[in-house]
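Undergrad: Below are the sequence and a predicted model; questions follow.
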Amino acid sequence: MRKPIIYQLFPRLFGNKNTTRKPNGSIEENGCGKFNDLDDGTLRRIRSLGVTHVWLTGIIRHATQTDYSAFDIPRQHPQVVKGRAGSPYAIVDYYDVDPDLAVDVERRMDEFEALVQRTHENQMKVMIDFVPNHVARQYQSICKPENERDLGEDDDPTMHFSIHNNYYYLWNQPLELENYHETPAKATGNDQFSNRPSRNDWYETVKLNYGVDYCDAGGRTEHFDPIPDTWQKMLNILLFWASKGIDGFRCDMVFMVPAAFWKWAIAQVKNEYPNLVFIGEIYDPPLYRSYIDAGFDWLYDKVGMYDCLRDVVCGKRPASTISAQWQSVDDILDHMLYFLENHDEQRIASDFFAGNAQKAVPAAIVSVLLNRSPFMLYAGQEFGERGMDAEGFSGCDGRTTIFDYWCVDTLRRGYYFPMHLNNQEKRLHSFYKKLFAVAKEKAVREGSFFDLMYCNMQSWQFNPNQQYAFLRKADDELLLVVVNFSEKAVRCGVMLPRHAFECLKIKELYNATAVDLLTKESIRTNLCADGIVEFDVAPLSGRVLKFRL
């Protein structure tokens, strides 16, 4: 069993070697990555980092301003498309793949299936997005199975709400969106039940109806018996993609879809594909346990651990507050997915976050080694991608665009022209490779965890504002992990309480040798109950000391 290391990549950006990089450029001007750019050599380089799962973002066909009508693919109105390339979360056909990603558009699904097979042959698993809460305003499936009815095809638009409808309708009110006509207006994807969505709303999407009446006289009510029509349609879509050989779904905004649906659907999918994994994007901690009970394997720990670590990196919280984050989800800790970047968040090295990718190294060590659950790395993070391009619709916001055709230069160089990487980029890549190698240790994959902060809060040899320490143990392997968020080197003295020795069944050792798994440096020390282990920790770094008991 390996600790899951999930690598999120956006094929549209990842394989694009066109360096034109014109703001708001077309696909002809700026180019676009393809399924075929993820060839065996590239996949081997990804795997060599220590990756176990590849999350392919933006696979299912979504709204775009690029014209594919020559291939009998319907065009979308530009008023309801964000950016030239469009948002991968405004789906126009759940049964199709993005034609941008194909060399031969008419064989686009074959090219995707070949990529899935190549990824498996390179000993990694494949995950794709499932976007269940909303679809593009002009959703129309041209690839659905013959016996499948399209979303909205049988709706009664005179009904604001019906369990037989797939959308919510606004009683003969036209949608008030410049140069785009829709009558009656459909509710907008971010639960906006108004015919006047703002530019800050998800105006390009419409909300799907899972049997929840948001606007009845008694407030929000649930109507799940009989099974709403949308439930069956979405289950069929999940089963369709599972049949393509993928290994899991990263499910978008799961808390905006009732847990009852997930419990019903996940059980049926896993009955046919028992090893298939479901990851939930969720931002409401009180709901975590109900969605795990519904069948999710892993949930985003964004508003907990991510927000905490970001603040610690930026000097806004003490390192000791990390303990409160894992403690708040202690009973479900192995279900929490940690990350420091993804397509929604700002890049660590951007001016909007830390301004320096090295500053997040201690946070990465904590995220990867704290528990048994997965860690997710966003493509480019391993090279310190800054996300400071003004690509077009996205603008310069510290994020890598999901709306535009663009070339991410760190990825272009890192995977296709590595001789052009600078020394700083090479060092950061080497760090992540070493860290993910440590994640293969049994103490990390399967071991117990013991937080050392409670007994090191008052020590003159340890600064809980800028250092964090914990133990991991399995069988005769003991790891002492200490990270330093400070930009100065420190001499740490970490007290190991007797309770840790009793709880983890640790044998005391005198004049023991420990090896730092990140640097291969050896130190000699005593491992005694209520004793102190002393060592130096470099700035913005950490130590992972391995003891053989």
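TA: In hand now; what should we look at? Just so it is clear, the structure is predicted and the values come from calculations on it, not from any experiment. Residues are numbered from 1 along each chain as shown.
Undergrad: hey, where'd the helices end up in the stretch 51-200 of the chain?
TA: Applying DSSP state H, counting those that start in this stretch to the stretch 51-200 of the chain gives helices spanning 108-121.
Undergrad: same question but for the chain, I mixed them up
TA: Remark: helices assigned in the chain by DSSP state H are 11-14, 27-30, 40-48, 108-121, 229-242, 259-272, 288-293, 307-313, 322-328, 361-369, 409-416, 423-438, 442-445, 498-504.
Undergrad: packing partners for the fifth one?
TA: With contacts defined as 3 or more Cβ pairs under 8 Å, 6 or more residues apart in numbering; DSSP states H and E, the packing partners of helix 229-242 are strand 91-97, strand 125-130, helix 259-272. Bear in mind the C-beta positions are built from the backbone N, C-alpha and C, glycine included.
Undergrad: ok, back up a step: now for the helices of the chain, which one comes closest to Ile402?
TA: Set against Ile402 and scored by Cβ to Cβ, those come closest in helix 11-14, at 8.4 Å.
Undergrad: which residues make contact with that closest one from outside it?
TA: Identification of contacts with helix 11-14 by Cβ atoms under 8 Å, 6 or more residues apart in numbering yields 32-35, 37-38, 56-59, 85, 98, 100-101, 379, 400-401, 405-408, 411, 415.
Undergrad: Mind doing that once more with 7 Å?
TA: The contact list for helix 11-14, computed with Cβ atoms under 7 Å, 6 or more residues apart in numbering, reads 32-33, 35, 37-38, 56, 58, 85, 100-101, 379, 400, 406, 408, 411.
Undergrad: Columns mean neighbour count, distance to Tyr210 and mean pLDDT on top of the helices of the chain, output as CSV?
TA: CSV is the format used below for these (neighbours: other Cβ atoms under 10 Å; distance: least, Cβ to Cβ, whole Å; pLDDT from 0 to 100):
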stretch, mean neighbour count, distance to Tyr210, mean pLDDT
helix 11-14, 25, 29, 98
helix 27-30, 16, 35, 98
helix 40-48, 15, 36, 98
helix 108-121, 17, 28, 98
helix 229-242, 18, 5, 98
helix 259-272, 17, 5, 98
helix 288-293, 18, 14, 98
helix 307-313, 21, 28, 98
helix 322-328, 17, 28, 98
helix 361-369, 25, 33, 98
helix 409-416, 20, 37, 98
helix 423-438, 17, 38, 98
helix 442-445, 19, 37, 97
helix 498-504, 15, 44, 98
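Undergrad: circling back to that earlier point, would you mind putting the helices and strands packed on helix 229-242 into a markdown table with distance to Lys186 alongside?
TA: Output for these, formatted as a markdown table (distance: least, Cβ to Cβ, whole Å):
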| stretch | distance to Lys186 |
| --- | --- |
| strand 91-97 | 14 |
| strand 125-130 | 21 |
| helix 259-272 | 19 |
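Undergrad: quick one: low-confidence parts of this protein?
TA: For the chain, applying pLDDT under 70 flags the ranges 217-218.
Undergrad: go again using 90 as the cut-off
TA: For the chain, residues meeting the criterion pLDDT under 90 lie at 1-2, 171-172, 178, 215-220, 394, 459.
Undergrad: didn't Asn179 look like it was pressed against Val80?
TA: No - with contact defined as Cβ atoms under 7 Å, Asn179 does not count as touching Val80 (9.8 Å).
Undergrad: Farthest pair within the contacts of helix 11-14?
TA: Across these, the longest distance by Cβ to Cβ is 19.4 Å; it joins Phe35 and Thr400.
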